[in-house]
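Enquirer: dropping a prediction and its sequence here:
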Amino acid sequence: MYQVLDYNSIDKFLWDKFISDSSYGWLHHTSDFMKMNQHLGENKSFAIMNGNEILAIYVLYGNFRCKKKLFGLVEKRRGSLFSIGGFCIKDDLSKKQFKKVTSLFKETIDNMVSKYGIKSFNTMMLYAPALLPKKTNWLVNPLIFWGQENIDVPYSLVDLENTNEDDIYKNCSETTRQEIKKISNDENYNIRVANPSEEDLCIYYNLHKKTYKRTNAEVFPLSYFKELFFNLLKKDYCRILFLEYKNKVIASNIFVKYKGLEFYLANASEDEKSNGVNKFLVYKQLTMALRENAKSSCIGGSRIYLRSGKLKGLAEFKTSFGGSIYTNYDGKYILK
């Protein structure tokens, strides 16, 4: 019998085993990553099951505004839903099972829309085409089968299976190679891997706050980075690099990793004139990923069609490492 179970009703070992066993599962679907993202809202993730077998899961975070009513009762209303990672399905689902799964998904979401007054629901899919099952051919956005409007986002991906360190360097843009060479030849610079320690956490968080305040972005809560340093880092789900200049850390970046795919997560620096050191850190992440036999490294969204502004500069940064452009699919749920 088919049933929908919320995340808190499922044993976390079984949840994570399903993610590990599925070809469609990645770090964003795991309980470790969801715990880190508690700041995104209430965890409303759920699994669609047939008996005791998980057929699919959907990662979901909810934000709900509350309005007090008479007699002290509280009604949740005017909410929003957001997903990082979207769905993960069991390998080799039949067409009949897939149709049932997506139907139950839409029924579950529609019930949430009615219950919480949901006004928006967006999904950010994160994946690498090369790591999907060979028979998977996503010529269209798979989220359209989950009741969502198609949103295409170009991403930059560096193939690490058919390359070496010399090729990684040669494939970088000319200005990036110059910056890598300049820092590599300066004895005042030193690079090191961060440790899961209070000291290194404090160093990174101070850089993070400086970076986000400088760019007028909302600073992430300390709890987010505590999970990164004391959980994901200890489990080897991420790599955090520090770049020191004259024994002082001036920049850092974080790549998360799972199943042979590495993903650019965040960077932080002392000042805004740090494009060169940030490029050097990404280059070092790529070479370390290669040594650890990673298959691909995703540098992130690269809106190469932009012609001006800061986002154009960001796109140029992310495409300066010789990666290929692929389509990452996002979605916007069609509300009734």
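Expert: Great, that's in hand.

Enquirer: make it CA atoms for all contacts and neighbour counts henceforth
Expert: Fine.

Enquirer: what's the first helix or strand after the longest helix seen in the chain?
Expert: Assignment by DSSP state H gives helix 95-116 as the longest helix of the chain. Counting by DSSP states H and E, the next helix or strand C-terminal to helix 95-116 is strand 118-124.

Enquirer: can you give me the strands in the stretch 151-300 of the chain?
Expert: Using DSSP state E, counting those that start in this stretch, the strands of the stretch 151-300 of the chain run over residues 189-193, 238-245, 248-258, 261-269, 296-301.

Enquirer: pick the most buried one from those strands.
Expert: strand 296-301 (a mean of 24; mean count of other CA atoms under 10 Å).

Enquirer: alpha carbons of that strand, in PDB - could you do that?
Expert: Extracted in PDB, the C-alpha atoms of strand 296-301 (Å, rounded to 0.1, in the frame of the first residue of the first chain):
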ATOM      1  CA  SER A 296      33.400  16.000 -11.500                       C
ATOM      2  CA  SER A 297      33.500  19.400  -9.800                       C
ATOM      3  CA  CYS A 298      30.700  21.800 -10.100                       C
ATOM      4  CA  ILE A 299      31.700  25.500  -9.800                       C
ATOM      5  CA  GLY A 300      28.100  26.600  -9.700                       C
ATOM      6  CA  GLY A 301      25.600  28.800 -11.600                       C
END
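
Enquirer: dump the strands of the stretch 151-300 of the chain to TSV, plus mean pLDDT and distance to Leu143.
Expert: Shown next, in TSV, are those (pLDDT from 0 to 100; distance: least, CA to CA, whole Å):
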stretch	mean pLDDT	distance to Leu143
strand 189-193	96	37
strand 238-245	97	28
strand 248-258	96	22
strand 261-269	92	21
strand 296-301	83	18
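
Enquirer: in JSON lines: those, plus distance to Cys202.
Expert: As requested, these are exported to JSON lines (distance: least, CA to CA, whole Å):
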{"stretch": "strand 189-193", "distance to Cys202": "15"}
{"stretch": "strand 238-245", "distance to Cys202": "12"}
{"stretch": "strand 248-258", "distance to Cys202": "11"}
{"stretch": "strand 261-269", "distance to Cys202": "13"}
{"stretch": "strand 296-301", "distance to Cys202": "25"}
